[in-house]
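[1] My questions concern the predicted model and sequence given below.
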Amino acid sequence: MVLVSDTSGMPAGMHTVLSHCPYCSLQCGIEITAGDRPASLQPQADAGISRGGLNRGGLCSKGWSATDLLDHPERLTTPLIRDRKGGELREASWDEALDRIAAAITATQDEYGRDAVGCFGGGGLTNEKAYALGKFARVGLRSSQIDYNGRFCMSSAAAATTRAFGIDRGLPFPFSDIAGADAVLLIGSNPADTMPPAMQFFDEGRSHGAHHIVVDPRRTATAKGASRHLQIRPGTDIALSNGLLHLAIREGLVDEDYVAARTVGWDAVRRSVSSFWPDRAERITGIAVEDLRTTVHQLAEADRALILTARGPEQQRGGTDAALAFINLALALGLPGVEGSGWGTVTGQGNGQGGREHGQKADQLPGYRKLDDPEARAHVAGVWGIDPDELPAPGLSAYEMLDRLGTEGGVRTMLVMASNVVVSAPNANRVADRLAALDFLAVSDIFLSETAELADVVLPTAQWAEEEGTMTNVEGRVLRRRRALPPPEGVLTDLETLAALADRLGRGKYFSADPREVFDELRRASSGGLADYAGITYDRIDAEDGVYWPCPEQRAGEAPHPGTPRLFADRFATPDGRARFHPVVFRGATEKPDDEFPYVLTTGRLMQHYQSGTQTRRTKTLIMTVPDAVAELHPDLARRHGIGASDLVRLRTRRGVAVFRARLTDAIRPDTVFAPFHWGGDSLANLLTSPALDPQSRMPEFKACAVAIDRHGGPDDPIRLESSDSFHTADTADTAPTKGI
Ligand SMILES: Nc1nc2c(c(=O)[nH]1)N[C@H]1C(S)=C(S)[C@@H](COP(=O)(O)OP(=O)(O)OC[C@H]3O[C@@H](n4cnc5c(=O)[nH]c(N)nc54)[C@H](O)[C@@H]3O)O[C@H]1N2
Ligand SMILES: Nc1nc2c(c(=O)[nH]1)N[C@H]1C(S)=C(S)[C@@H](COP(=O)(O)OP(=O)(O)OC[C@H]3O[C@@H](n4cnc5c(=O)[nH]c(N)nc54)[C@H](O)[C@@H]3O)O[C@H]1N2
Ligand code: SF4
Ligand SMILES: [Mo]
């Protein structure tokens, strides 16, 4: 197996390395050519699914341009320090920067206790780094306060799958099943923009006549290619699912044998949807009864049917319930665990799956173990060489932690690693206030992100092509990120940073900066847990093009465990092996349109930009293609407010104001406005969003709030708010802190 290929025929000093794109959870397979900078890349040449990449030789524009950032002139290559609040950042040595952070940690903990120092991680971190950060919080800082941006991403789906199936693997089957399915219901997911090469699997399905039904308030590129588009009113997915289930029952489409053999709780759910008559579902969702009927028949009558959700229904106050509602439908139709059929959720960030398994969640230990489970504590403490009683209790979820920064009992010194919360957290005015109230903020990033700009110490870090590690892709397959070139001089990896910090806190003996060593420790820590990586090694990943977890340790005298591409064939991961139905009540979005805020704002992604935009707004080809934050609105709605194409449109909600360039399109519902969250400054969509949290998952309600709009300028005006336009609210979220989420 040649992973670092032979260099014959290449200019001297050049070599190629097989790795994966740094961005989304598709983890497209790429080949990096490096040596003398600049490095370049191309998709892995093999057709089919090579080396665990799901791109079949394709890449999206973000993937193609990923190496541009390795040598970007704005890249951070030296630590920065701010000597006093309000002062400028200046360059500093690593020793000075790390000493400064360690001193702040010690001072805060001496005065306010251990939990006054917290960490905020990211789903883009490799498994090794996510694991090390979780351990750093619990063992290095001995603090309960750590959570991460995946709380804003996968937490609703994670809570739902854990409750229904006993385990949270986003897709419990290989991604390629999509190509083989005869019917696919895709709810609030826009892979044509968010995972473009994955459309090859959808196209293949449609080429053999599969029915693809897309549920989205916008006729997205994905919806345009589908056989049916259900243009749902935002925030009403539960009513849709309950309505579909009602119809399935009424029309005799329920798989009674499956329900009897493999599930519990059906009667309560059957009763709970009895009042979801089709015309009621139509009234709430805006989807015609005939469409509902066709959809449920196509799903029920297909040999192989898939129901897939993504952020559309999940980033809601009822996001966990929405995922549960579609799981109810899938169970009633007898799909989960039947080969070729099933329910799944499309994970987002590069390591959105692995990043939620190994301990950077507030309530979690590695291997998807629970921090409040005495056996789990004993196991992990044993691996870490500490007393179980030294492990803290579960901490606060991401937004709750941010909401309480600098307050009595809240975090006062924080380390952010791989997230740009100023842009990506909801209710951004409040978050900015709270960040300003911190005693000390340290941020590790590649660039001076909007969050790093506020830091007292900024630490540069190695990029994807400069480090070793593992990433767990959208289908639960553990892949290797391989190093093609060294980081620029003076730049450390996050693992090195954490180990050096732990050392300064007198806890250095617990931490390694070597990715293989960290992975081997992660394997032991996860052994016997739900997300069991014990049988996965770097060498096996190389030899087998990735390994699907769970993959327990090889037992003496037995062959190695093959990994688990498909879950639930015989049993679900619940104590009795049966899946759980859950009755779900439809409540709708927290904020309903009213006279003052008459429309619904929903937020999401554009193809050319990634997340908070730190990386893609700095990529020339991408920012040239989409230079401004564009908000989509229907021409009828625009006309009512005198807004023309490319005019500036001001969006106003109860929490803030932001300005966007108008993109008029009849592909969106006339009562809905769509804004991307990839920009900061005056186009920061999260100034508008609501901090209402899902009570089960603590997921913010990014996908629906009430908004007012007006014309703010013409096509040639720059995107800018006057200071009199912005207003500032700093209301706290109406949330009691929860433990053990
Ligand atoms: N280009 C690009 N690709 C990405 C990312 C990126 O930032 N940019 N991020 C990655 C990450 S982390 C993630 S999580 C994934 C997310 O991938 P997706 O889930 O596909 O992305 P979103 O745009 O957040 O939301 C999907 C769709 O939900 C629709 N929607 C909005 N409100 C509702 C609603 O109430 N109900 C329903 N049914 N639909 C609704 C939106 O119109 C949108 O088209 O993408 C990954 N890939
Ligand atoms: N309104 C609205 N808000 C949303 C969403 C939405 O749909 N609507 N979606 C939510 C979702 S699904 C997500 S996933 C979040 C994402 O929100 P963020 O966490 O803000 O996402 P990123 O922009 O990926 O932030 C990662 C940061 O870490 C840096 N970085 C990348 N790799 C590394 C690394 O290896 N180490 C370190 N130290 N730094 C690194 C990047 O430069 C970047 O600044 O946003 C959420 N916010
Ligand atoms: S689809 Fe995702 S993994 Fe593939 S090239 Fe684009 S951003 Fe990278
Ligand atoms: Mo995400």
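    Here it is on my side, so go on. Ligands and ions are numbered 1, 2, ... in the order given.

[2] Leaving out sequence neighbours, find the closest residue to the residue of the stretch 151-300 of the chain at minimum distance from ligand 1.
    The nearest approach of the stretch 151-300 of the chain to ligand 1 comes at Gly188, 2.9 Å away (C-beta to the nearest ligand atom). Using the backbone N, CA and C atoms, a C-beta is placed for each residue, glycine as well. Nearest residue to Gly188, sequence neighbours excluded (C-beta to C-beta, 6 or more residues apart in numbering): Gly312, at 1.4 Å.

[3] Now do the strands in the stretch 601-741 of the chain.
    Per DSSP state E, counting those that start in this stretch, the stretch 601-741 of the chain carries strands over the ranges 630-633, 648-652, 657-664, 672-676, 690-693, 700-701, 705-713.

[4] Can you report phi and psi for the closest residue to Gln353 other than its chain neighbours?
    Once flanking residues are discounted, Gln353 sits nearest to Thr472: 4.3 Å by C-beta to C-beta, 6+ apart. Torsion angles at Thr472 (phi, psi; degrees, to the nearest 10) stand at phi -110, psi 120.

[5] Surely Thr472 and Phe519 touch.
    No - assessed by C-beta atoms under 8 Å, Thr472 is found out of contact with Phe519, at 11.8 Å.

[6] Spell out which residues are contacts of both of these two.
    Common contact partners of Thr472 and Phe519 (C-beta atoms under 8 Å, 6 or more residues apart in numbering): Asn127.

[7] Compare the two (neighbour count), which wins?
    Thr472 (33 against 24; other C-beta atoms under 10 Å).

[8] In terms of pLDDT, where does that one sit?
    Note on Thr472: pLDDT of 98.

[9] hey, what's it bridged with?
    When assigned by DSSP bridges, Thr472 has beta-bridge partners Val478.

[10] which ones are touching Gly118?
    Ala137, Ser143, Gln145, Ile146, Gly395, Met401, Val411, Thr413, Met414, Leu415.

[11] among the residues you listed, which are in helices?
    Those of those mapping onto helices are Met401, per DSSP state H.

[12] residues touching the residue most central in space within the chain, list them.
    With distances taken as C-alpha atoms, centre = their mean, Cys153 lies nearest the centre of the chain, 3.7 Å away. Taking C-beta under 8 Å, 6+ apart, we find Cys153 in contact with Gly123, Arg311, Thr347, Gly348, Gln349, Gly352.

[13] most surrounded residue in these?
    Thr347 leads the contacts of Cys153 on contacts (other C-beta under 10 Å) with 30 neighbours.

[14] Report pLDDT for it.
    The model's pLDDT for Thr347 equals 96.

[15] cool, and Gly13?
    Reading off the model, Gly13 has pLDDT 78.

[16] three-state assignment of it?
    coil (DSSP: H, G, I helix; E, B strand; the rest coil).

[17] try the one 3 residues further on
    Following three-state DSSP, we place Thr16 in the strand state.

[18] And the residue of the chain that's closest to ligand 3?
    Gly63 (2.3 Å).

[19] and that residue, how many neighbours?
    Counted with other C-beta under 10 Å, Gly63 comes out at 25.

[20] who's in contact with the nearest residue to it once chain neighbours are set aside?
    Nearest residue to Gly63 in three dimensions, chain neighbours excluded: Cys21, at 4.2 Å (C-beta to C-beta, 6+ apart). Going by C-beta under 8 Å, 6+ apart, Cys21 touches Gln27, Cys28, Ile30, Leu59, Lys62, Gly63, Ala66, Gly350.

[21] Strands - which of these land there?
    Ile30 (DSSP state E).

[22] Would you mind listing what in this protein touches ligand 3?
    Residues of the chain found near ligand 3 (C-beta under 6 Å from any ligand atom) are 21, 23-24, 26-28, 55, 59-60, 62-63, 195-197.

[23] What lies in contact with the helix ranked longest in the chain?
    For the chain, the longest helix by residue count, based on DSSP H, is helix 94-112. Contacts with helix 94-112, where a contact means C-beta under 8 Å, 6+ apart, come from 79-81, 92, 116-117, 141, 143, 412-413, 415, 439-440, 442, 456-457, 459, 490, 492, 497, 500-501, 504-505.

[24] Next secondary structure after that helix?
    strand 117-121 (DSSP states H and E).

[25] Show me what from the stretch 51-200 of the chain comes close to ligand 1.
    Cys153, Ile187, Gly188, Ser189, Asn190, Pro191, Asp193, Thr194, Met195.
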